[in-house]
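Peer 1: task: produce atomic coordinates for the following.
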Amino acid sequence: MIENHHISDDRYLAFQQNRLDGEERIRFLMHISECDYCSERLASFMETDMVSAPPDMKMNILAASKKADVQIVKNAVEMTKRMQLFLYSLKVGAATIGAFIILLLFMNVHDFSNDPNKINTDIKKPSGTISITDRIREGTNSLSDNLFNFSNDIIKMEDRNHDK
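Peer 2: Numbering: from 1, shown residues only. Predicted structure coming up:
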């Protein structure tokens, strides 16, 4: 390779196969950087060396993705997400049922707080004249009082445990 001449095909091949020694490689690259013709030839020489994809590659990939083993993996991932949602729903349902059971168990407990200054606000009606709405009202009042007292007791227990 002489400065005034263009690079031969053998030199391009030697460069591509990494057979040029250090000084030859430097001269080769210097010439490529200065000569537009040789740099274009090097680019086209490197393009011809690249392997093109087979024409049916896209169809092969699509067909492979539709095979049973790929679909099983895809369905397993989807099933795992569904299972996680199902388990989460079970946990929420169990917590709701547990809270409801605790509520039912403590409905008959009359007084959680030991407050002697508590004023009795129950209104006494003459016996035999209690209407259904009064019964419902009494039941809901009792339920809300028990819930209020129960939640206050839990908060007090947490405060005591936290202070320790």
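Peer 1: packing partners for the helix ranked longest in the chain?
Peer 2: Determined from DSSP state H, the single longest helix within the chain is helix 68-105. Counting contacts by 3 or more C-beta pairs under 8 Å, 6 or more residues apart in numbering; DSSP states H and E, helix 68-105 packs against helix 132-163. All C-beta spots, glycine's among them, are computed from the backbone N, C-alpha and C.
Peer 1: could you give the average pLDDT over the helix it packs on?
Peer 2: If you average the pLDDT over helix 132-163, you get 86.
Peer 1: and that helix, what's buried?
Peer 2: Within helix 132-163, the residues that count as buried by 16 or more other C-beta atoms under 10 Å are 146, 149-150.
Peer 1: can you list those in a markdown table and add distance to residue 62?
Peer 2: Converted to a markdown table, those look like this (distance: C-beta to C-beta, whole Å):
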| residue | distance to residue 62 |
| --- | --- |
| 146 | 64 |
| 149 | 66 |
| 150 | 61 |
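Peer 1: which of those residues sits closest to residue 79?
Peer 2: residue 150 (40.5 Å; C-beta to C-beta).
Peer 1: just checking, that closest one touches residue 104?
Peer 2: No. Assessed by C-beta atoms under 8 Å, residue 150 is found out of contact with residue 104, at 11.8 Å.
Peer 1: let me see the domain layout of this protein.
Peer 2: Here the domain parsing of the chain from automatic domain parsing is 9-49, 68-163.
Peer 1: among those, which gets the worst mean confidence?
Peer 2: domain 68-163 (a mean of 79).
Peer 1: first to last residue in that domain, what's the distance?
Peer 2: 60 Å (C-alpha to C-alpha, to the nearest Å).
Peer 1: figure out how far that domain is from the centre of its chain.
Peer 2: 31 Å (C-alpha atoms, centre = their mean, to the nearest Å).
Peer 1: how about the secondary structure of residue 107?
Peer 2: coil (DSSP: H, G, I helix; E, B strand; the rest coil).
Peer 1: now residue 32, nearest residue through space, not along the chain?
Peer 2: In this structure, residue 32 finds its nearest non-sequential neighbour in residue 39, 4.9 Å apart by C-beta to C-beta, 6 or more residues apart in numbering.
Peer 1: what's the neighbour count on the one you found?
Peer 2: Other residues near residue 39 come to 14 when the count uses other C-beta atoms under 10 Å.
Peer 1: now stretch 92-112 - C-alpha only, CSV.
Peer 2: Coordinates of the C-alpha atoms in stretch 92-112 are reproduced here as CSV (Å, rounded to 0.1, in the frame of the first residue of the first chain):
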residue,chain,number,x,y,z
VAL,A,92,-59.0,-9.5,52.8
GLY,A,93,-62.1,-11.8,53.1
ALA,A,94,-60.6,-13.6,56.1
ALA,A,95,-59.8,-10.3,57.8
THR,A,96,-63.3,-9.1,57.2
ILE,A,97,-64.9,-12.3,58.6
GLY,A,98,-62.5,-12.2,61.6
ALA,A,99,-63.5,-8.6,62.3
PHE,A,100,-67.2,-9.5,62.0
ILE,A,101,-66.8,-12.5,64.4
ILE,A,102,-65.0,-10.3,66.9
LEU,A,103,-67.8,-7.8,66.6
LEU,A,104,-70.4,-10.5,67.2
LEU,A,105,-68.5,-12.0,70.2
PHE,A,106,-68.2,-8.7,71.9
MET,A,107,-71.8,-7.5,71.3
ASN,A,108,-72.9,-9.0,74.6
VAL,A,109,-70.1,-7.5,76.6
HIS,A,110,-71.8,-4.5,78.2
ASP,A,111,-69.1,-2.3,79.4
PHE,A,112,-65.4,-2.3,78.4
